[in-house]
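Asker: What follows is a predicted structure for the sequence shown.
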Amino acid sequence: MSVIMRIIQQFDPCHEESFMALEKQFEALEKSRPDLPKGKRMQPFSGREPVNSLIWQAEFADIESAHKALELFKEDETHESLFVLQAPFIKQVRIEFYKGLDFSSTF
């Protein structure tokens, strides 16, 4: 069963430009490092989350792999230094896990 991990960060809209500039650096870090998960980034313009949110999500083989990714983010010096710069702009963070459904293999 695959697991989708979604990290939802609500940021201060007054600092959107700075927040997004740092997020661009996170994306570049992911692309440059084969050991880091490659997430998809989204920003809502309609829906449950406010527009001043960034949603990062990635698919993992299982829940253990998703948790290991979170630990890797915390332990990585470059990732952590970027997070320290971005943290003052973040109002709240929520991490969600979803199980991937594949009905074609069960019917």
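Answerer: Yes, it's here. Numbering: from 1, shown residues only.
Asker: all contacts plus neighbour counts: C-alpha atoms, from now on.
Answerer: Noted.
Asker: ok, now which ones touch the residue nearest to the spatial centre of the chain?
Answerer: With distances taken as C-alpha atoms, centre = their mean, the chain has Trp56 as the residue nearest its mean C-alpha position (3.0 Å). Neighbour list for Trp56: Arg6, Ile7, Ile8, Gly39, Lys40, Arg41, Met42 [criterion: C-alpha atoms under 8 Å, 6 or more residues apart in numbering].
Asker: Now for the fifth one, how many residues are close by?
Answerer: By the criterion of other C-alpha atoms under 10 Å, Lys40 has 12 neighbours.
Asker: Quick check: bridge partners of it?
Answerer: In this entry, Lys40 is beta-bridged to Gln57, by DSSP bridges.
Asker: Wait, it touches Glu59, no?
Answerer: No: the criterion here is C-alpha atoms under 8 Å, and Lys40 misses it with Glu59 at 9.5 Å.
Asker: sorry, back to before: the contacts of Trp56, buried ones only, as a PyMOL selection?
Answerer: Selection of buried members from the contacts of Trp56 for PyMOL, criterion 16 or more other C-alpha atoms under 10 Å:
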select buried, resi 6+7+8+39
